[in-house]
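**Student:** Can you look at this prediction? I've put the sequence above it.
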Amino acid sequence: MITVAIDKSAEDARPWIEAAKPTHPSLTDTTHVLADLYNLVNVPTILWIDERGRIVRPNDVAFGTDTFKHITGLQAAAHLSALRAWVRGETTALPEARIRALQSLPTEDDQRARAEFGLGEWLFNQGRTEAAARHFARAGELAPHDFTIRRGTMPMRGIDPMGPQFREMLGAWVKAGNPYYRPLAE
Amino acid sequence: MTENRRFTVIDDGRATELDEAEGIAHAKRAETSGRPVAVDRDERAAYLGVSAAERAKALASLEAPDFKLPDLDGRLHSLSEHRGKKILLVAYASW
């Protein structure tokens, strides 16, 4: 297992990593390197990668525990048992055509949003927070489904990512007919 | 004579300081070549991203894109150093 915290600084992730005392690599990604490479639009997102370095389960939503089940409606057990079966070699991976059908690939607006995020993140770290906030807002307009941008930049805009502004954003998103999370169909 | 104004171009995660006219021209060329570019003329900075076509092609190959990211001690880890093992890659956040 490799975990990656998509956070504005390593310090934001530190309390969780130190409490978990993991033996696996526990990495931090403050510039959305992983989000850009893998088209991540929210957390948690998981992928399975086989011994040859091939993606055998594309971006999926899975929780390790049922802590957020009351909010997300997602249970940890289904993914955990599928994962165990794959690790033990009891199941074969999905056919490649099926994996590709399940993938969601980035659009030009997604990548423009990531460029706006990148400029905003750089400006933020230069202390130019007002300019940064403009680019974060622009990024969110280009990719409204990208919560790594819309919610993930809240701490860099002085907004509580668990607070009323997040709930308002999520409420409007869901009311417009969009799901909070999109787990794979299988 | 006025001092040349500087312009920062961030490409592949690295920031380079250029002369303002040169920096703007550099960003324009990247945009013409199909890359997503975010520009802030007032802040004199541009970020050059990677095109959707390039990212989509890499993902659709099913070859997991390699990355190097730091742990809490700043030590870099890459995905490729774990070749030969099954990997569960988990992205999460404190938010």
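**Tutor:** Structure received. This one's a predicted model, so the numbers in the text were calculated from it and none came from an experiment.
**Student:** which stretches of chain B form helices?
**Tutor:** Here chain B has its helices, by DSSP state H, at B:20-32, B:52-60.
**Student:** how about A:Ala185, secondary structure?
**Tutor:** Secondary structure, DSSP: H, G, I helix; E, B strand; the rest coil: A:Ala185 is coil.
**Student:** how many neighbours does the closest residue to it other than its chain neighbours have?
**Tutor:** Nearest residue to A:Ala185 in three dimensions, chain neighbours excluded: A:Leu102, at 7.3 Å (CB to CB, 6 or more residues apart in numbering or on different chains). No exception for glycine: its C-beta is placed from N, CA and C like everyone else's. The local packing of A:Leu102 (other CB atoms under 10 Å in any protein chain shown) involves 15 other residues.
**Student:** what about the nearest residue to A:Thr91 once chain neighbours are set aside, distance to B:Glu17?
**Tutor:** Counting by CB to CB, 6+ apart, A:Ala85 is the residue found nearest to A:Thr91 once chain neighbours are left out, at 4.5 Å. In this view, A:Ala85 and B:Glu17 are 53 Å apart by CB to CB, to the nearest Å.
**Student:** Phi, psi for A:Ile49 please.
**Tutor:** For A:Ile49, the backbone dihedrals (degrees, to the nearest 10) come out as phi -130, psi 130.
**Student:** bridging residues for it?
**Tutor:** Legend: beta-bridge partners of A:Ile49 under DSSP bridges are A:Ile55, B:Ile87.
**Student:** ok, now B:Ala38?
**Tutor:** Per DSSP bridges, the residues bridged to B:Ala38 are B:Tyr47.
**Student:** give the contact list for it.
**Tutor:** By CB atoms under 8 Å, 6 or more residues apart in numbering or on different chains, the residues touching B:Ala38 are A:Arg112, A:Ala115, A:Glu116, A:Gly118, A:Leu119, A:Gly120, A:His135, A:Arg138, B:Ala46, B:Tyr47, B:Gly49.
**Student:** Thanks again, I'm all set now.
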